[in-house]
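1. my questions concern the predicted model and sequence given below.
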Amino acid sequence: MHNQSFVNEFVLLGLSQNPLIEKLSFVIILLVYIATVVGNMIIVVTIVYSPALLASPMYFFLAFLSFLDTCVSSVVTPKMIADLVHERKTISFECCMTQVFAVHFFAAVEVTILAAMAYDRYVAICKPLHYSSIMNRRLCFTLVGVAWAGGFLHSTIQIIFTLQLPFCGPNVIDHFICDLFPLLKLACTDTHIFVILVFANSGSFCIIIFCFLLVSYGVILFSLRAHSSEGRRKALSTCGSHVTVVAFYFIPCILIYARPTSPFSFEKNVFVFTDVLTPLLNPMVYTFRNKEMINAIRKIWKMLTVVSDK
């Protein structure tokens with residue numbers, strides 16, 4: 001599959017060359033990962049086992065978003081945690097390509113789901129009388145299907161042109177994961193055309209959906225003027241959560257992919273934020289500001305304690 005490459009594995013330099021920082025990072029990132037998986041799974045289980053929430057498109061998408069956050073975090077974080085305790089950090093060529101594919105696949109699906117959630121809020125606030133007929137089960141499942149298909153197409157294109165790159169010697173990646181720009185630096189060829197392809201596939205994807213989200217939330221804010229102060233407050237609270245998550249997600253995405261290849265000093269920190277912290281922050285943003293969600297979690301918790309006491 002990679003006949004023009006002589007590289008069987010890559011050496012990752014990791015987060016830091018300082019052993020003390022690595023030990024500290026190991027503890028923090030391990031705790032963050034555990035909290036991410038537990039937090040997101042609590043949301044998924046709560047929504048799946050609460051018929052009233054599952055019937056609502058907003059919570060249906062939220063459960064899916066939490067599942068995706070667990071996936072995004074699990075593609076990167078366990079390997080990163082393991083590497084923090086090893087002096088020599090290596091990844092095979094095949095695993096490296098798998099990681100590139102999986103990171104871009106889950107991220108693209110998540111970005112599309114965020115757009116679906118914005119559309120759901122737009123219909124709920126701007127067309128409340130037609131909400132249940134527009135946001136029916138069929139449309140929700142169609143949007144999820146489009147998200148999966150779009151993610152698969154995006155990451156397949158990404159991996160096809162990454163496999164075209166010849167790696168003929170240098171194999172040290174100054175990063176803690178395999179990603180496109182660090183790999184482009186190691187390729188034994190002129191990579192200008194590949195840089196344009198990365199921008200066209202990843203950078204423009206981020207920018208187009210980000211603009212769509214900005215416009216949809218702009219329209220929502222504009223239409224809220226006609227609502228009562230109570231309706232306005234509730235809508236702003238929900239949209240505030242969405243906008244916060246969108247900002248967490250898209251600003252780093254645009255910083256990484258919609259730019260020239262010259263590396264910037266805090267690139268690793270941006271990756272830590274998107275792949276390690278954002279999946280933890282999403283459940284916090286959505287649940288702590290949402291009474292329905294907190295009540296549903298309490299109900300499920302009570303049911304579990306009753307079952308375990310029997």
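-> In hand now; what should we look at?
2. so where is the chain shaky, pLDDT-wise?
-> 1-5, 258-266, 289, 308-310 (pLDDT under 70).
3. can you name the element that comes right after the helix of greatest length in the chain?
-> Criterion DSSP state H: the longest helix present in the chain is helix 93-126. Counting by DSSP states H and E, the next helix or strand C-terminal to helix 93-126 is helix 131-134.
4. output the contacting helices and strands for that next one.
-> If you count contacts as 3 or more C-beta pairs under 8 Å, 6 or more residues apart in numbering; DSSP states H and E, helix 131-134 packs onto helix 93-126. Where C-beta positions appear, they are placed from N, C-alpha and C, glycine not excepted.
5. elements contacting the helix it packs on?
-> With contacts taken as 3+ C-beta pairs under 8 Å, 6+ apart, helix 93-126 sits against strand 9-12, helix 57-84, helix 131-134, helix 137-163, helix 180-186, helix 204-223, helix 229-257.
6. what's the burial count for residue 61?
-> Neighbour count of residue 61, defined by other C-beta atoms under 10 Å: 23.
7. excluding sequence neighbours, find me the nearest residue to it.
-> Spatial nearest neighbour of residue 61, chain neighbours left out: residue 117 (4.8 Å); criterion: C-beta to C-beta, 6 or more residues apart in numbering.
8. got the contact list for residue 80?
-> 15, 29, 176-177, 276 (C-beta atoms under 8 Å, 6 or more residues apart in numbering).
9. switch the cut-off to 7 Å
-> The contact partners of residue 80, by C-beta atoms under 7 Å, 6 or more residues apart in numbering, come to 29, 176-177.
10. centroid residue for the protein?
-> residue 107 (4.4 Å; C-alpha atoms, centre = their mean).
11. does that one touch residue 72 like I think?
-> Yes. In this structure residue 107 lies within contact range of residue 72 using C-beta atoms under 7 Å: 6.3 Å.
12. thinking again about what came up before, how far away is the residue nearest to the centre of the chain from residue 95?
-> As judged by C-beta to C-beta, to the nearest Å, residue 107 and residue 95 stand 18 Å apart.
13. could you do residue 268 as well?
-> From residue 268 to residue 95 the distance is 19 Å (C-beta to C-beta).
14. looking at these two, which is more packed in?
-> Higher neighbour count among residue 268 and residue 95: residue 268, with 19 against 14, using other C-beta under 10 Å.
15. next structured bit after the host helix or strand of the more buried one?
-> Under the criterion of DSSP H and E, residue 268 resides in helix 267-272. Next along the chain after helix 267-272, taking DSSP H and E as the criterion, comes helix 278-288.
16. chain center to that following helix: distance?
-> 12 Å (C-alpha atoms, centre = their mean, to the nearest Å).
17. thanks a lot, see you next time.
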